[in-house]
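[1] When you get a sec, could you give me coordinates for this:
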Amino acid sequence: GYFTNFGKTFNGRHALDLTGGTSIEYEKRDNAFLRGELLTDEAMKEVSNATNLTQFSGTFAETGLLSFFGRANYTLDEKYLLGLSFRSDGASVFGPDNRYGFFPGGSAAWILSREGFLATSRTVSLLKLRASLGRTGNQGLGNYPYQSTYCTANYGDEPGYYPCNLGNTALGWEKTTQTNLGFDLELWNGRAAFTADWYNKSTTDLLLSRPIPGSSGYTSFTDNIGAMRNRGLELVFTAVPLQPTRADGLRLVSTLNLSFNRNQVTALYNDQPFSTGYYDMNRVAVGHPLGEFHAYKFLGVDPTTGDAIYKDTNNDGNITTEDKTFVGNPWPDYTGGLTTTLSWKRFDLTGFFQFSKGNKVFNGMRVFSDEGGYNYDNKFSDVLDRWQQAGDKTDQPRASFDGTSGARLISSRMIEDGSYIRLQDLTLGYQLPEAVAASMRLSSARLYVRGQNVFTSTDYSGYNPEVNSNGSTASASLATDFYAYPVARTWSFGIQAGW
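    Model (predicted):
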């Protein structure tokens, strides 16, 4: 890559900074994997020494990205700020006619605290208004998504190929346009600070897997098929309740951040909804949050028969797939974190809490562990509260080896509240005296003990409410727990040293 800068100040009032450049990225991957078992000698770990070759595979890929970029920043009297930028990117993962995307942006700010009416204020240390508008692109796709490709498929000992990916030469950039309005306020020389940002983010040409009839020989292909909007508010509060007069005095600093986001799908291909994720629990539909849970609505247990009762949404007298409805939102009402640091003399103690409120989680483990005994898996203790005789009032259907109680139907009964608060990090440190550090030939040394994932408070019955068995990169298959491994609690001891 190559870039150049130009900066100049005019008449002591005007400051201009320009940046421009270009870059080329090329990546080539060629991987081979072999796995052998039953080595003739454990000291000889080469695959050729294995009795059985149990697994082998290989992949290759080439990708490229050509970029041009530029930026201009202008400042007047160190109070009025204006910024303009652009990127033009060409990505090899897209079709020949849609490889290039243009992504401009602009921002403006006004530092009111430098105006005459606030410059001498003893209360307001900083007051800054901000606004920005810009567009970004997403090219997060696998290898060769716009091309029709073949995969290996041996028939006995005969090598062969089969078509495994349906190409789409019209595939192009996913584009997001975002507007931000915000301000920064600092009081009493930093004893208190408040930052607020409102944003409206509109994403078009979403890169999603579009389902198609299996009679075509494929079940889906990647396409730009929709649009989505995220709108929200982000707040950050910082306070210094205890500020010492001496450097080694007692000091307390706390920072609270809150985030409120509302998500909605605004367009799809022919406005046709589709399902994804484990058991098709996540639904993508216009007018609803992305990945909202879609299943049968559980109403309770019939106290006479012990059978599960489900909502007949179309009122046809039968419970069928047509009765599935939206039963929970995987997106939280708000999320946040609280960081507090207490320091005194050579000691410091820092704690970080994170929390989420209002998000729902699909506990997929209950498909096998809370289905009335239809499967042979171990059961959760909830089944001890099952219906056993006429008149019992419970939300656990009767046990039924043949599945006739309806407990095995995947429904809102398996959707749980995923709200939680977690002490994510707790660290206690001690700064060794300089003389002690010097005796160890160090300029500084700090001992510490640190705990991570110390404890979690939640009503969720699974291992971890902050979970997604579909993977952290899943775009629509959200908040699903299908035997996900629990998060480990970790304690560590160490020393931070400087030379």
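
[2] going forward, measure contacts and count neighbours with C-alpha atoms only.
    OK.

[3] mind listing the helices for the chain?
    For the chain, applying DSSP state H gives helices covering 116-119, 366-369, 434-439.

[4] Packed most tightly, which of the ones you listed would that be?
    Ranked by mean neighbour count, the helices of the chain are led by helix 366-369 with a mean of 20 (mean count of other CA atoms under 10 Å).

[5] Measure how far that one is from the centre of its chain, please.
    Taking CA atoms, centre = their mean, to the nearest Å, one finds the center of helix 366-369 at 26 Å from the center of the full chain.

[6] Could you list the residues in contact with that helix?
    Residues from elsewhere that reach helix 366-369, judged by CA atoms under 8 Å, 6 or more residues apart in numbering: 375-380, 408, 410, 414.

[7] correct me, but residue 152 touches residue 164?
    No: using CA atoms under 8 Å, residue 152 makes no contact with residue 164, being 9.0 Å away.

[8] List the buried residues of the helix-or-strand element of the chain with minimal mean pLDDT.
    The helix or strand of the chain with the poorest confidence is strand 207-211; it has a mean of 82 (mean pLDDT, DSSP states H and E). Neighbour counts over strand 207-211 (16 or more other CA atoms under 10 Å) mark 207-208, 211 as buried.

[9] between those residues, which is closest to residue 104?
    Taking CA to CA as the measure, residue 104 lies nearest residue 207 of the buried residues of strand 207-211, at 20.5 Å.

[10] Could you give the bridge partners of that closest one?
    Counting by DSSP bridges, residue 207 is bridged to residue 224.

[11] Next up, the contacts around it.
    Residue 207 neighbours (CA under 8 Å, 6+ apart): 173-174, 222-226.

[12] again with residue 68
    By CA under 8 Å, 6+ apart, the residues touching residue 68 are 20-23, 87-89.

[13] Enumerate every residue touching the nearest residue to it once chain neighbours are set aside.
    Residue nearest to residue 68 in three dimensions, not counting chain neighbours: residue 22, with 4.3 Å by CA to CA, 6 or more residues apart in numbering. Neighbouring residues of residue 22 by CA under 8 Å, 6+ apart: 1-3, 66-69.

[14] which two in those are spaced the farthest apart?
    The most widely separated members of the contacts of residue 22, counting by CA to CA, are 3 and 66 (13.8 Å).

[15] So for those two, which residue has more residues nearby?
    Applying other CA atoms under 10 Å to residue 3 and residue 66 shows that residue 66 carries more neighbours, namely 17 against 12.

[16] residue ranges for the strands of the stretch 301-450 of the chain, please.
    Along the stretch 301-450 of the chain, counting by DSSP state E, counting those that start in this stretch, strands occupy 308-310, 325-328, 334-344, 347-357, 360-363, 415-417, 420-431, 444-458.

[17] ignore the last one, the stretch 51-200 of the chain
    Using DSSP E, counting those that start in this stretch, strands in the stretch 51-200 of the chain cover 80-91, 100-111, 124-138, 149-152, 161-165, 174-187, 192-204.

[18] Which one of the ones you listed lies nearest to residue 354?
    Residue 354 sits nearest to strand 192-204 of all these, at 18.6 Å, using CA to CA.

[19] now that closest one: mean pLDDT?
    Strand 192-204 carries an average pLDDT of 97.

[20] Within the sheet, what are the partner strands of that strand, with directions?
    The partner list of strand 192-204 in its sheet, established with DSSP bridges, is strand 174-187 (antiparallel), strand 227-242 (antiparallel).

[21] can you redo the ones you listed as CSV with distance to residue 475?
    What follows is the strands paired with strand 192-204, written out as CSV (distance: least, CA to CA, whole Å):
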stretch, distance to residue 475
strand 174-187, 13
strand 227-242, 12
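
[22] Looking at these, which is nearest to residue 117?
    Nearest to residue 117, of all these, is strand 174-187, at 15.5 Å by CA to CA.

[23] And the contacts of that closest one?
    Residues outside strand 174-187 that contact it (CA under 8 Å, 6+ apart) are 123-139, 192-207, 224.

[24] out of the strands of the stretch 301-450 of the chain, deepest packed?
    Highest mean neighbour count among these (mean count of other CA under 10 Å): strand 360-363, a mean of 27.

[25] helices and strands around it, which ones?
    For strand 360-363, the packing partners by 3 or more CA pairs under 8 Å, 6 or more residues apart in numbering; DSSP states H and E come out as strand 415-417, strand 480-481.
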